[in-house]
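J.: fold the following for me, if possible:
(chains A, B, C and D)
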2 protein chains.
Amino acid sequence: MVNSRFAVAIHILSLIATTSDKALLTSDFIAGSVNTNPVVVRRISSLLKKAGLISSRKGISGYELTKKPEDISLYDIYRAVEEPKELFAIHQAPNPACSVGRQIGTTLTDVFGSVQQAMENELRSQTLQSILDRLK
Amino acid sequence: MVNSRFAVAIHILSLIATTSDKALLTSDFIAGSVNTNPVVVRRISSLLKKAGLISSRKGISGYELTKKPEDISLYDIYRAVEEPKELFAIHQAPNPACSVGRQIGTTLTDVFGSVQQAMENELRSQTLQSILDRLK
DNA sequence: TCAGTTGTAACTATAATGGTTACATCAAAT
DNA sequence: ATTTGATGTAACCATTATAGTTACAACTGA
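T.: Numbers count the residues shown, from 1 in each chain, chains lettered A, B, ... in the order given. As a prediction, the model looks like this:
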């Protein structure tokens, strides 16, 4: 497998959304639920904070959502924790002396772009609230 | 970037489809167009061959498509060269003592599955022929 | 002042990937 | 038959991404 940051981010946000006593939500506590190291939680929380999805203050325990769960799409979360890289890489510098080599780059950019669009549209169609509904 | 096998596979198949003199299609020649090492080409060709998309014979130069370009979907190519792994990984062993931890696994499997479906459907909707059309 | 927490830098182990060398195997031309 | 040139594949290396970990500065409230 490649990368579980997205999954962990959703886990973290779900915990925050469903825990009424916010002071319980230390990175240690969250790490216990995710089953990882507290620093991993703080690292991902830091990304979610930069993206404006949660708030926290140094020295004080507790994280809070800054938006309602129905206003946080999975796309928002995805963009918060993933590098803005493409789904599929395109090999560098194909031979411009070859007809295929000359045009494959832009062609693949277009095609891969439409695939990525399809994926991102699906991510946009679901929210943290949809996740919470499924958890019940 | 992560993985350009898919892009290289499409490049290889496009070259095979558009080259009339099949004997020209050595791994060396293809590598010259892709701008990589011939072994990389043979490695990916081997996967395409296992998937039944092309044919070749040891000792004889030349690769050939075994199907018409309109009958090779991008999904077929994708499946030929990518490990059957999920788009997003799910963290292992979340805490079953926690309500979220207990249910997040199946929830994420469902949600990520629908996202992957969306992506794969888009891949199924395009073929090698659509790529060739764009190359003109 | 002190205990507990977040934020972050730094290091490590692991895994995936692409490039490379090497070589066995095979087919066709000579 | 020998030689030449090709595919098929194993093996190794360098690079990169990731998750886990240790360490510690900065901060808050008791």
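J.: so residue A:34 makes contact with residue B:90?
T.: No. Here residue A:34 does not reach residue B:90: they are 11.0 Å apart, not a contact under Cβ atoms under 8 Å. No exception for glycine: its C-beta is placed from N, CA and C like everyone else's.
J.: where does the helix or strand hosting residue A:112 sit relative to the chain's centre, distance-wise?
T.: Here residue A:112, judged by DSSP states H and E, is contained in helix A:99-124. Here helix A:99-124 is found 21 Å from its chain centre; the criterion is Cα atoms, centre = their mean, to the nearest Å.
J.: close to DNA strand C, is that helix?
T.: No. Interface with DNA strand C: helix A:99-124 contributes nothing (Cβ under 7 Å from any atom of the strand), its closest point being 13.1 Å away.
J.: could you say what helices and strands that helix packs with?
T.: helix A:74-81, helix B:5-18, helix B:27-34, helix B:99-124, helix B:128-135 (3 or more Cβ pairs under 8 Å, 6 or more residues apart in numbering or on different chains; DSSP states H and E).
J.: list the buried ones in it?
T.: Across helix A:99-124, burial judged by 16 or more other Cβ atoms under 10 Å in any protein chain shown covers A:99-101, A:103-105, A:107-108, A:111-112, A:115, A:118-120, A:122-123.
J.: and what of stretch A:75-90?
T.: Those would be A:75-78, A:80-81, A:86-90, for stretch A:75-90 by 16+ other Cβ under 10 Å.
J.: low-confidence stretches in chain A?
T.: The model of chain A has pLDDT under 70 over residues A:1.
J.: now the angle from the helix holding residue A:112 to helix B:5-18?
T.: Orientation check (axes from the mean of the first three to the mean of the last three Cα atoms, to 10 degrees): helix A:99-124 against helix B:5-18 gives 140 degrees.
J.: ok and helix A:99-124 relative to helix B:27-34, angle-wise?
T.: Going by the same axes, to 10 degrees, helix A:99-124 makes 60 degrees with helix B:27-34.
J.: quick one, helix A:99-124 and helix B:128-135 angle?
T.: Going by the same axes, to 10 degrees, helix A:99-124 makes 120 degrees with helix B:128-135.
J.: and residue A:60, what are its bridge partners?
T.: Bridge pairing for residue A:60 (DSSP bridges) gives the partners residue A:57.
J.: closest one to residue A:134 among the helices and strands packed on helix A:99-124?
T.: Of all these, the one in closest proximity to residue A:134, counting by Cβ to Cβ, is helix B:99-124 (4.6 Å).
J.: can you pull the residues of chain A lying near DNA strand D?
T.: So chain A meets DNA strand D at A:2-5, A:8, A:36-37, A:39-40, A:43, A:57-60, A:83 (Cβ under 7 Å from any atom of the strand).
J.: what's the spatially closest residue to residue A:6 that is not a sequence neighbour sitting at in phi/psi?
T.: Closest residue in space to residue A:6, ignoring its immediate chain neighbours: residue B:88 at 4.9 Å, by Cβ to Cβ, 6 or more residues apart in numbering or on different chains. Here is the backbone geometry of residue B:88 (degrees, to the nearest 10): phi -120, psi 140.
J.: likewise the one 4 residues further on?
T.: Residue B:92 adopts backbone torsions of phi -90, psi 140, taken as degrees, to the nearest 10.
J.: that one against residue A:35, yeah?
T.: Yes. At 7.2 Å, residue B:92 counts as touching residue A:35 under the criterion of Cβ under 8 Å.
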